[in-house]
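Student: Predicted structure and sequence below. I'll ask about it afterward.
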Amino acid sequence: MALFALSVLVLLGFLYWHTAGFIDQQTDKTITAEIRGLDEQFRRTGLVGLIHLVRNRSRHQRLGLYHLRDKDGRNLGGNLDVWPPEQPDKNGWIDFIFNKRLGEKIDPRHGRARLITLPVGYQILVGHDIQSRFELEQRLRSSLVWAVVLTLVFGLIGGLLISRSWLARVEAINQTSAEIMAGDMDRRVPLAGKDDELDMLARKFNAMLDRIQELMKSLHQVSDNIAHDLRSPLNRMRGNFEVILLEERSSQEYRQAIEQGVKETDELLKIFDALLSIAEAESGNASDDLETIDLSELAGEIAEFYRPVMEESGFEFEQKIASGVEIMANPQLLSQALANLLENALKYSSPPGKIGIEVDLHEGKAEAVIYDNGPGIPEHERENVLKRFYRLDHSRQSPGNGLGLSLVAAVAHIHGADFSLLDARPGLKAVLRFPPL
Amino acid sequence: MKILIIEDDLKAADNLIKGLSDSGHTVAHAGDGQTGLELARKGDFSVLIVDRMLPVMDGLSLVAQLREDGFETPVLFLSALKKVDDRVKGFKAGGDDYLVKPYAIAELLARVEALSRRGAAQQPKMLLQVHDLQIDLLTREVVRAGQKIDLLPREFRLLEYLMHNAGQVVTRAMLLEHVWNYLFDPQTNVIDVHISRLRAKIDRGFEHPILNTIRGKGFCLCEPE
């Protein structure tokens, strides 16, 4: 506010100084020009000519003011009756007030003149009636003062109104936050529909809330699923042990039961491990660990790692990896994601099909593709299979925990990569498309 | 061998002590970092098993202190922290191996064995030999009973790791970690296929097989009985 007032003052002050200064200059120039004319006349025709000219001009010039006097102060001519009592400055300029007779009325007016002393001791005052200029300046001053006052008043009121409406909107955000904190996750900040900064903020805020709600929902679903999916194997284990304990068994039987139990706990631990990896990847913390890596090399290594098992299983394993494709990645997590995709291909398609891995650049974006000729995933299920523990009907019999693709999706997420499941006609084509470096 | 366990979770420690004693080791236990450090300085242990999170003095500082004092006893870190970053911290502090909880006792035993051997082998050897199989780490030549064997680079690294740990069980996780540098757990028998391919090259056609599968544990490259 202070800054606003100051700038208004500076601006108007400059305007006044500039305008008034300009008019002053014009007056002085005119007077100076006239003096030059009189001086010329004096030199050419002497005092007589000068007096003549002064008298002549006094009669015809509307705004010009003249007064010529001799050494003793006697008025020798000119339309300015009284010699002004004001003292001239060092350049001879005098600002004075004189009386102008208009018929009966006497009108006090402002004048400005310059005093010239002639060689013979005579003095001449050449000036101008600056009453109108004076009035203009006065009007200018007062209107500028008004401008300042009005600007400040309106600025103040306007600013107050604006800040009050902003405050009201900030308060709305505040209110919404409070309601959300109180547990109503469905609340959203109302938009003013103005598309200004506050609306942008509100929109971001709402988008953030959407994302949080989405995460909470998936978390909720996950804990539901975990509870459900971990209960059945635990129940099974418990049943096995219970049956073994029903009567006296041979140590061989105890041994088998315990071995079975260890195997099943291992499976459970694997599920927890996978869940933790997914959670870690999804929380996005791991994105701090991204480093520039050679995707071609990483994919080549994982391909070589899996080639023997693919070939032993009777698949035709194809590998088409363009060299030198670099991305930002967490190599351990990315290796695991590619491994999951290759293992899925191995698990869900049957020999003698093809399984392939490709790395290439498409429009500046690095792509890793893994495909098979298996049954693929029906289009309406492609979203679902990314959910934790979700398994297609036909895959329920095969080993696995329904977490493999969830992990791939989470790993894609921290890499800022798109993960899409497509039709390989026939089979599944999994594509990871990375952002450009 | 003499092993010191520094672990504050008493149930886990009990289990560990039992597992190690049953395998014929002498075990000492400390429940916090400070006691652990003092014991480690006094006793003549072959391997230290150190939990990362300990009361009084955490595992990382403990090992860093030991290393600073000039002790070179091999250290196996146990930790619930599984991120690559956490492992790197463990190695930087002076740990020699890093096992993420929960682990199988068989896995821990194999790693402890491997660590104790590493401590014993002072001079890095360029020529490794098991029975009549010889590999030259410099020329990367593999010879069995005078017969030259061609291996792919990765097969060579696999064999090299097995030779370094000859006579002891090497788990699948150890192979994954050291030969392929992978920390995940494959759901398929991919390691077994690599082993069987290597076995086809170094064992097939020879009288005594030396690359053995130890059921439920891992693999062992050992002298034939």
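Tutor: Structure received.
Student: Only C-alpha atoms from now on, for both contacts and neighbour counts.
Tutor: OK.
Student: Checking residue B:148 next. Helix, strand or coil?
Tutor: Using DSSP: H, G, I helix; E, B strand; the rest coil, the three-state assignment for residue B:148 comes out as strand.
Student: Just give me the neighbour total for the closest residue to residue B:17 other than its chain neighbours.
Tutor: Leaving aside its sequence neighbours, residue B:17 sits nearest to residue B:27 (C-alpha to C-alpha, 6 or more residues apart in numbering or on different chains; 6.2 Å). Burial of residue B:27, expressed as a neighbour count using other C-alpha atoms under 10 Å in any protein chain shown, amounts to 18.
Student: Confirm that residue B:27 lies within a strand, as I assumed.
Tutor: Yes: when three-state DSSP is applied, residue B:27 is found to be in a strand.
Student: Which strand residues bridge it?
Tutor: Under the criterion DSSP bridges, residue B:27 forms beta bridges with residue B:3.
Student: correct me, but it touches residue B:2?
Tutor: Yes: between residue B:27 and residue B:2 there is a contact at 5.9 Å, judged by C-alpha atoms under 8 Å.
Student: List the buried residues in stretch A:379-387.
Tutor: A:385-387 (16 or more other C-alpha atoms under 10 Å in any protein chain shown).
Student: Identify all contacting residues around that stretch.
Tutor: A:390-392, A:402-403, A:405-406, A:409, A:421 (C-alpha atoms under 8 Å, 6 or more residues apart in numbering or on different chains).
Student: What pLDDT is listed against residue B:92?
Tutor: Confidence at residue B:92, expressed as pLDDT, is 92.
Student: Surely residue B:82 is within a strand?
Tutor: No: assessed with three-state DSSP, residue B:82 is coil; it does not lie in a strand.
Student: That one: neighbouring residues, count only.
Tutor: For residue B:82, the number of neighbouring residues by other C-alpha under 10 Å comes to 16.
Student: for it, what are its contacts?
Tutor: Contacts of residue B:82 (C-alpha under 8 Å, 6+ apart): residue B:100.
Student: can you check residue A:343 too?
Tutor: With contacts taken as C-alpha under 8 Å, 6+ apart, residue A:343 has the following neighbours: B:186-188.
Student: Mind pulling up the pLDDT for it?
Tutor: For residue A:343, the pLDDT comes out at 92.
Student: can you check residue B:59 too?
Tutor: 92.
Student: Residue B:48 is in contact with that one, correct?
Tutor: No: checked against C-alpha under 8 Å, the pair residue B:59 and residue B:48 is beyond contact range at 10.9 Å.
Student: Just name the shakiest helix or strand of chain B by mean pLDDT.
Tutor: None of the helices or strands of chain B scores lower by mean pLDDT, DSSP states H and E than helix B:105-120, at a mean of 85.
Student: Next one: that one, is it in contact with chain A?
Tutor: No: Helix B:105-120 is not in contact with chain A by C-alpha under 8 Å from any C-alpha of the partner chain; minimum separation 11.5 Å.
Student: Would you mark the buried spots in that helix?
Tutor: Counting neighbours by 16+ other C-alpha under 10 Å, one finds that the buried residues in helix B:105-120 are B:106-117.
Student: Widest-spaced pair of these?
Tutor: B:106 and B:117 (16.8 Å; C-alpha to C-alpha).
Student: Among the contacts of residue A:343, name the buried ones.
Tutor: Buried among the contacts of residue A:343 by 16+ other C-alpha under 10 Å: residue B:186.
Student: Just checking, which of the contacts of residue A:343 comes out lowest on pLDDT?
Tutor: When it comes to pLDDT, residue B:187 is the least confident member of those, at 83.
Student: do you know how far that one is from residue A:347?
Tutor: Residue B:187 sits 10 Å away from residue A:347 when distances are taken as C-alpha to C-alpha, to the nearest Å.
Student: same deal with residue A:110?
Tutor: Distance from residue A:110 to residue A:347, by C-alpha to C-alpha: 107 Å.
Student: which of these two has more neighbours?
Tutor: More neighbours sit around residue A:110 than around the other of residue A:110 and residue A:347, counting by other C-alpha under 10 Å; the figures are 19 against 16.
Student: residue closest to the middle of chain A?
Tutor: Nearest residue to the geometric centre of chain A (C-alpha atoms, centre = their mean): residue A:197, 8.7 Å.
Student: any idea of the pLDDT on the residue nearest to residue B:17?
Tutor: 94.
Student: what about the residue in the stretch 251-400 of chain A that chain B sits nearest to, which SS state?
Tutor: Nearest residue of the stretch 251-400 of chain A to chain B: residue A:309, at 5.4 Å (C-alpha to the nearest C-alpha). Under three-state DSSP, the three-state class of residue A:309 is helix.
Student: Residue A:44 now?
Tutor: The three-state label given to residue A:44 by three-state DSSP is helix.
Student: Spit out the contact partners of it.
Tutor: Contacts of residue A:44 (C-alpha under 8 Å, 6+ apart): none.
Student: Quick check: pLDDT value at it.
Tutor: We note a pLDDT of 84 for residue A:44 in this prediction.
Student: Okay, it and residue A:33: tell me how far apart.
Tutor: Between residue A:44 and residue A:33 the distance is 17 Å, computed by C-alpha to C-alpha.
Student: sorry, back to before: give me the buried subset of the contacts of stretch A:379-387.
Tutor: For these, burial is judged from neighbour counts taken by 16+ other C-alpha under 10 Å, and it is met by A:390-391, A:402-403, A:405-406, A:409, A:421.
Student: Which ones among those lie within helices?
Tutor: Taking DSSP state H as the definition of helices, the buried ones among the contacts of stretch A:379-387 contribute A:405-406, A:409.
Student: For chain B, state which of those residues is nearest.
Tutor: Proximity of those to chain B (C-alpha to the nearest C-alpha) peaks at residue A:405, which lies at 13.4 Å.
Student: Grab the nearest non-local neighbour of that closest one.
Tutor: Of all residues not flanking residue A:405 in the chain, residue A:386 sits nearest, at 5.3 Å (C-alpha to C-alpha, 6+ apart).
Student: Quick one: the strands in the stretch 301-437 of chain A, in order.
Tutor: In the stretch 301-437 of chain A, strands defined by DSSP state E, counting those that start in this stretch lie at A:316-321, A:326-329, A:354-362, A:365-372, A:418-423, A:428-433, listed in chain order.
Student: on that earlier part again, now cross-check the contacts of residue A:343 against chain A and list the overlap.
Tutor: Among the contacts of residue A:343, the ones lying close to chain A by the criterion of C-alpha under 8 Å from any C-alpha are B:186-188.
Student: Restricted to strands, list these.
Tutor: Taking DSSP state E as the definition of strands, those contribute nothing to them.
Student: which among those residues gets closest to residue A:333?
Tutor: Residue A:333 has its nearest neighbour among the ones next to chain A among the contacts of residue A:343 in residue B:186, at 12.9 Å by C-alpha to C-alpha.
Student: nearest residue to the closest one other than its sequence neighbours?
Tutor: Here the nearest residue to residue B:186 in space, its sequence neighbours aside, is residue A:339; by C-alpha to C-alpha, 6+ apart that works out to 7.4 Å.
Student: Give me the pLDDT for that neighbour.
Tutor: Predicted confidence (pLDDT) at residue A:339: the value is 94.
Student: how many other residues sit next to it?
Tutor: Burial of residue A:339 is recorded as 24 neighbouring residues (other C-alpha under 10 Å).
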